[in-house]
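Chemist: let me see the structure of the following:
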Amino acid sequence: MNLPTHERYDYAAITERADYVWPIGARLAVSIGFNLEHFAFGEGLGAELAPGGPQPDVLNYAWRDWGNRVGAWRMIELLDSLRLPASVLVNSAMYQYAPSLLAAHRARGDEIVGHGRTNAERQSVLDEAAERDLIAEATATIAAHEGAPPRGWLSPWIAESRVTPDLLKEAGYAYTLNWCMDDQPVWLRTRAGPLLAIPFPQEANDIPSIVARKDGAAEFAAIIVDTFDEMLEQSARQPLVMGIALHPYIVGRPHRLRHLRSALAHIAARRDRIWFTTAGAIHDAICALPPGIVPGDSRLC
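Modeler: Numbers count the residues shown, from 1 in each chain. Here you go, the predicted structure:
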């Protein structure tokens, strides 16, 4: 039976791939994806603390907005205290809404990654022309404020149309975080050339864990710690990427932040064995490898 397929990549068992090491000789790369999101008031999509009523849904809007006003700043303090870099996944609407927050990440030297215009919308429901315009608008806004366009993209809600990878490559993007099918980077085929898929977590991710599965603060922290400990052992056999996805309106809450601090400190204490890095640096490390090492390699780095 021939099932419909995306044709973006071929199957490749992780146990049958070429070996390599990350910079500093590490076998495990760890990267934090820090989501900065802004939402429309009275309409559109958004995660919910409680089932929303008729619009305007003040409870859930304000719950999310707390993240930009309070939680994100507490998270910056945590990252600073542990000397951790972050890939900051930015809705372009944040530049108008909370410019000082973006300036704080710029001052830290964090990587800025495109994350659409707002998480009140999905790009997957747009026609090709409208989706191209969305990507172009978000990219131009970030470039205007950061001095250069972002090299990576995560779609709002990780929602793709059938042509999203093509549009990202055509817009000049080097990598995507949308595809979570592997623990190593994989080159995707697009009509404009290869696009690198860098692992982005859907388990060590506070949205599916806390919002969807209703995991507690300690449970989510344990997911991070157990994932790290297990992947550190596994990385003796293959180089791996561990991602951690965080939203300040969720894990920035005091009762969750306390547990998250312990989990990240557990990882940071193993700096001698891991490469704590950003998604963009992972892309560059892959491009520095000899051709043919990474599945699907037909790159134009």
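Chemist: can you tell me how far the residue sitting nearest the centre point of the chain is from residue 206?
Modeler: Using CA atoms, centre = their mean, the residue of the chain that lies closest to the mean C-alpha position is residue 33, 4.2 Å off. Between residue 33 and residue 206 the distance, using CB to CB, to the nearest Å, works out to 11 Å. Quick note: C-beta positions are derived from backbone N, CA and C, even for glycine.
Chemist: residue 35 too?
Modeler: 9 Å.
Chemist: so for these two, which residues contact both of them?
Modeler: 245, 246, 247 (CB atoms under 8 Å, 6 or more residues apart in numbering).
Chemist: wait, the second one touches residue 33, no?
Modeler: Yes: taking CB atoms under 8 Å as the contact criterion, residue 246 and residue 33 are neighbours in contact, 7.0 Å apart.
Chemist: now do the helices in the stretch 151-300 of the chain.
Modeler: Assigned by DSSP state H, counting those that start in this stretch, the stretch 151-300 of the chain shows helices spanning 164-170, 206, 217-234, 248-251, 254-268, 279-287.
Chemist: who wins for proximity to residue 183 among the ones you listed?
Modeler: helix 217-234 (7.2 Å; CB to CB).
Chemist: how about the closest one: buried residues?
Modeler: Residues of helix 217-234 classed as buried by neighbour count (16 or more other CB atoms under 10 Å): 217, 220, 221, 223, 224, 225, 227, 228, 231, 232.
Chemist: that helix to helix 254-268, inter-axis angle?
Modeler: Relative orientation of helix 217-234 with respect to helix 254-268: 10 degrees, computed using axes from the mean of the first three to the mean of the last three CA atoms, to 10 degrees.
Chemist: what's the mean pLDDT across helix 217-234?
Modeler: Computed over helix 217-234, the mean pLDDT rounds to 98.
Chemist: on that earlier part again, partners of the residue nearest to the centre of the chain in the sheet?
Modeler: Each beta-bridge partner of residue 33 is listed here, defined by DSSP bridges: residue 87, residue 245.
Chemist: right, and it touches residue 153 too?
Modeler: No: in this structure, residue 33 sits apart from residue 153 without contact. The criterion is CB under 8 Å, and the distance is 11.8 Å.
Chemist: assign residue 30 to helix, strand or coil.
Modeler: Reducing the assignment at residue 30 to three states with DSSP: H, G, I helix; E, B strand; the rest coil gives strand.
Chemist: can you list contacts of stretch 166-179?
Modeler: Counting by CB under 8 Å, 6+ apart, stretch 166-179 makes contact with 8, 33, 89, 113-114, 128, 131-132, 135-136, 139, 149-155, 158, 160, 164-165, 185-186, 188, 190-198, 200, 243, 279-280, 283, 301, all of which sit outside it.
Chemist: buried subset of those as a PyMOL selection?
Modeler: Buried subset of those, written as a PyMOL selection, criterion 16+ other CB under 10 Å:
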select buried, resi 8+33+89+113+114+131+132+135+139+149+150+151+152+153+154+155+158+160+164+165+185+186+188+190+194+195+196+197+198+200+243+279+280+283
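Chemist: among the contacts of stretch 166-179, which are in strands?
Modeler: Among those, the ones falling in strands (DSSP state E) are 33, 89, 113, 114, 152, 153, 186, 188, 195, 196, 197, 243.
Chemist: average model confidence for stretch 85-98?
Modeler: Across stretch 85-98, pLDDT averages out at 98.
Chemist: cool, stretch 24-39 as well?
Modeler: The pLDDT scores in stretch 24-39 average 97.
Chemist: roughly how far does the residue nearest to residue 205 when sequence neighbours are not counted sit from residue 220?
Modeler: Nearest non-adjacent residue to residue 205, counting by CB to CB, 6 or more residues apart in numbering: residue 245, 3.7 Å away. Look at residue 245 and residue 220: by CB to CB, they are 11 Å apart.
Chemist: what's the answer for residue 176, then?
Modeler: Per CB to CB, residue 176 is found 25 Å from residue 220.
Chemist: cool, and residue 256?
Modeler: 7 Å.
Chemist: find residues that contact each of the two.
Modeler: Here residue 256 and residue 220 share the contacting residues 206, 210, scored by CB under 8 Å, 6+ apart.
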